[in-house]
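> Can you look at this prediction? I've put the sequence above it.
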Amino acid sequence: MSERWAGGESETEEHRESRGGEGQRGEGPDLFCVPEKLSSLIRVRSLLLAVFFALVACSRLWAAGHDWMASIDGEKFLHELSIPGTHDTGALIETVSGTAKCQNLTIEEQLQAGVRFLDIRCRHIGDAFVIHHGPVYQELNFTDVLQSVANFLQVHPSETVVMSVKEEYTPEGNTRSFAETFSAYVGRNPSIWSLGSEVPKLNDVRSRIVLLRRFNDPDNRGIAAAPSVWPDDSTGTVAGPPRIRIQDVYKVWDRGNKWSYITSLFSEMPSNPGTLYLNFASGYSPWTVGIPDIPHVARYINPLLKSYFTQAPPRSHGVVIMDFVTVRLAELVYRTNFPPAASVRRLVTGSVDPDARMEVRDGNFYLTWKDWDSEPFIDANGNGVADTGEPFTDVNSNSSWDLVIDRRSDVEVSSDLTTWFPLVKNAGSGHVLVAASSASAQESVTAPTASKAFYRVKSSSTAAPVPAMVVVQGGVLPEASTLTGTVVETFLIAACEVRFDEWSEVRAWALAKGYTDLAVGDGGAGNHPVRNVNWFDAAKWCNARSEKEGLTPVYQVSGAVYRTGESEPTLNATANGYRLPSEGEWEWAARGGVSSKGYIYSGSNDVNAVAIHWDNCGGVVPYVLMSGGIGRGPWPVGSKAANELGIYDMSGNLYEWFGMRSGLLTPDSGNLRGGGWHSDPSNCFIHQIGWVDPVLSNDNWGFRVARNAP
């Protein structure tokens, strides 16, 4: 928080000791203003910390974060990077819960986790700096902070640390200005500081501290963001040079608005490449009589940050300054400095050819089959991508790295854009089909205007096979689940959502068997999931399919098979027919059951690998949808990768109805899971749950079936 706290607090013994007490000064200025006893303790602590850092240098716990800058091009300016940072870096102590503590990790732990921006708040007292958050002394001195950073940089010379220094709370007992005391600290180890006024290149400041100055200084040292130009509790611009864009809305009355302020800065960054961005994800909710609640904001914002950076594109996101940073959050931020590893994606046409793949490499898309030959390359930098300058075997002698298609006869050409993908022949080879480059890495991309040809895989069948039922071994839902501890027995679940052609076939049979009010439903194409069916339609259809296949129906009303109406049914627990999965079964299957790898989406941490959602659903549906998204809609079932159990689309494509919890169709129960094509990616998380009136239906809701294990 940038807000300065009102009110006073009597000076504690720790304050007096930290500033040296009476009789501690010699003839010259005491650079750190601490008593000999505390100085000895600091030296011992520093030695222990140095040993500690040496021991953990190869530790798996911190391996991901402590040297991430080593892989960054040193000619990049710091404003070209994504840098994880912490707000009120040293604030780990509070006297009243929720009012002052902003971090759980110590400074040493933050640095090892990958944090490279430290927000240091210094109270000026007795010509020394002690670390405060508002009136609360953090039992930490500026000497401790500098020693921790120096120890870290000595062990990790590839790194740099941007340090914001700001005056905090009420000054007391000083004979010199804040800037003069800062000079005394700098004089103790001047070589570690970078005090230039411009944003530096990384190579120029490796193993050094870059000053972001939030105090007045007649010498204009560091990157200037003095109090007079800082946007207080708002978003604003420091004209500079250098130009700095700052979002520091810290009084958070509405957490959704705070998130909008954060993402707004992310969105504008590509248009301002020379600007340094400081984006505070921190803040507090000002409750009764202004008492702050810091965790209330972090509990809302940090999961959104995690979701955002899990799928964020590889580009600069500026300095992201967080409360209660974690190792994972820091990693997700700095990971956007690096291009993603090469990935393999299915090529989706009117049906899914399991042998067809869209290979994403070096910014292009390659259409391939499983019996294709590749030109081998030496992955010199270990990033999984054939980069310019990396040696390769030039199989087709065209002086470029290619994927060679062996079965070119299996590609057909059309000018019809419906469900076809825009690909163009590689000018260097008649064998390679390369899609137009796309930063979003989606299968459906825009063709060059000069080309009229669209390619797809030939298929002997336009209908996908009937979805198989997957055996899901039972288990217990983990702590990450809202249903933690729920025991799930072994059961069967469909690998795919119910297709429109399946729905229509069973419905046609059922109309003559007493199921007189089953909805027509909608799908657009037979292999698309059925939608515009409500919960009661889904339950009745399950019964109809059971009867059609000679199985015992599950749903009953007044002891009879449920065939018509919208009465709340009961379940025949011993029946072997089809039904909706229970909520516990649905989540257990979505998480991957006993084979779960802990993904946040069903099958991956990359939403685009496993889910059809609003941001990637365009280009497949050949009609205008009711929601106004031209060309947007669900995709054929199984278009994206399966999860650990071979189950498709449990994240995205369509929300899925699930069975009754405790036999009740009430808002407390919930009845939809998984997110759909019209959903934000964050709604495709495994844990997301929704409730709507079960009599309603729309084009973003569908279902899949389950059965008891034999």
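Structure received.
> Ends of stretch 87-102, what's the gap?
Stretch 87-102 has an end-to-end distance of 7 Å (CA to CA, to the nearest Å).
> Identify each buried residue in that stretch, please.
The neighbour-count check on stretch 87-102 (16 or more other CB atoms under 10 Å) flags H87, D88, T89, G90, A91, L92, E94, T99, A100, K101, C102 as buried. C-beta: built from backbone N, CA, C; applies to glycine.
> can you check stretch 202-219 too?
Applying 16+ other CB under 10 Å to stretch 202-219 flags 202, 205-215, 217 as buried.
> now the nearest residue to R704 once chain neighbours are set aside: how far from I686?
Among residues not flanking R704 along the chain, A494 sits closest, at 4.4 Å (CB to CB, 6 or more residues apart in numbering). Using CB to CB, to the nearest Å, A494 is found at 17 Å from I686.
> ok, now L78?
Taking CB to CB, one finds L78 at 37 Å from I686.
> quick revisit: please tabulate the buried residues of stretch 87-102 in TSV, including the columns pLDDT.
Listed next are the buried residues of stretch 87-102 as TSV, based on pLDDT from 0 to 100:
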residue	pLDDT
H87	98
D88	98
T89	98
G90	97
A91	97
L92	96
E94	93
T99	93
A100	95
K101	96
C102	97
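> Which ones among those lie within helices?
The helices, defined by DSSP state H, take in nothing from the buried residues of stretch 87-102.
> what's the farthest-apart pair in the residues you listed?
T89 and T99 (17.3 Å; CB to CB).
> Spell out the secondary structure type for T263.
Look at T263: counting by DSSP: H, G, I helix; E, B strand; the rest coil, its state is helix.
> Show the contacting residues for it.
T263 is in contact with Y308, counting by CB atoms under 8 Å, 6 or more residues apart in numbering.
> pLDDT score for it?
You'll see T263 listed with a pLDDT of 92.
> Repeat that for S260.
For S260, the model assigns a pLDDT of 91.
> and what of T418?
37.
> Isn't N605 up against K306?
No - contact criterion CB atoms under 8 Å: N605 and K306 do not qualify, at 9.9 Å.
> Output the below-cut-off pLDDT ranges for the protein.
Low-confidence segments of the chain, defined by pLDDT under 70: 1-65, 288-289, 339-467, 618-632, 660-670.
> ok, and for the host helix or strand of D501, which residues are buried?
Using DSSP states H and E, D501 sits within helix 500-511. Across helix 500-511, burial judged by 16+ other CB under 10 Å covers F500, D501, E502, W503, V506, R507, A510.
> count of residues packed around G565?
11 (other CB atoms under 10 Å).
> same deal with the one 3 residues further on?
Counted with other CB under 10 Å, the burial measure for E568 works out to 16 neighbours.
> Also I120?
With other CB under 10 Å as criterion, I120 counts 23.
> which residues touch it?
With CB under 8 Å, 6+ apart, I120 has these contacts: T89, G90, I131, F142, V145, M163, S164, V165, K166.
> Excluding covalently adjacent residues, which one is nearest to it?
Setting aside the residues directly before and after it, I120 is nearest to V165 in space (CB to CB, 6+ apart), at 5.3 Å.
> Then the one you found would be within a helix, right?
No - assigned with three-state DSSP, V165 falls outside any helix and is strand.
> Does it touch N216 like I think?
No - counting by CB under 8 Å, V165 sits too far from N216 to count as a contact (11.7 Å).
> List just the nearest of the buried residues of helix 500-511 to K251.
Closest approach between the buried residues of helix 500-511 and K251, by CB to CB: F500, at 50.5 Å.
> Tell me how far the closest one lies from V149.
In terms of CB to CB, F500 sits 61 Å off from V149.
> A575 now?
66 Å.
> of those two, who's got more company?
V149 (21 against 18).
> Quick check: the more buried one touching I209?
Yes - assessed by CB under 8 Å, V149 is found in contact with I209 at 6.1 Å.
> Find the residues that touch each one of the two.
V161, M163, I192.
> So which of the residues you listed is surrounded by the most neighbours?
Neighbour-wise, these (other CB under 10 Å) top out at V161, 26 neighbours.
> so the residue nearest to R704 makes contact with G702?
No - if you go by CB under 8 Å, A494 and G702 don't touch, sitting 11.3 Å apart.
> what's the neighbour count on the residue nearest to R704?
24.
> same check, this time on G240
17.
> rewinding a little: restricted to helices, list the buried residues of stretch 202-219.
Reading helices off these with DSSP H, I get L202, V205.
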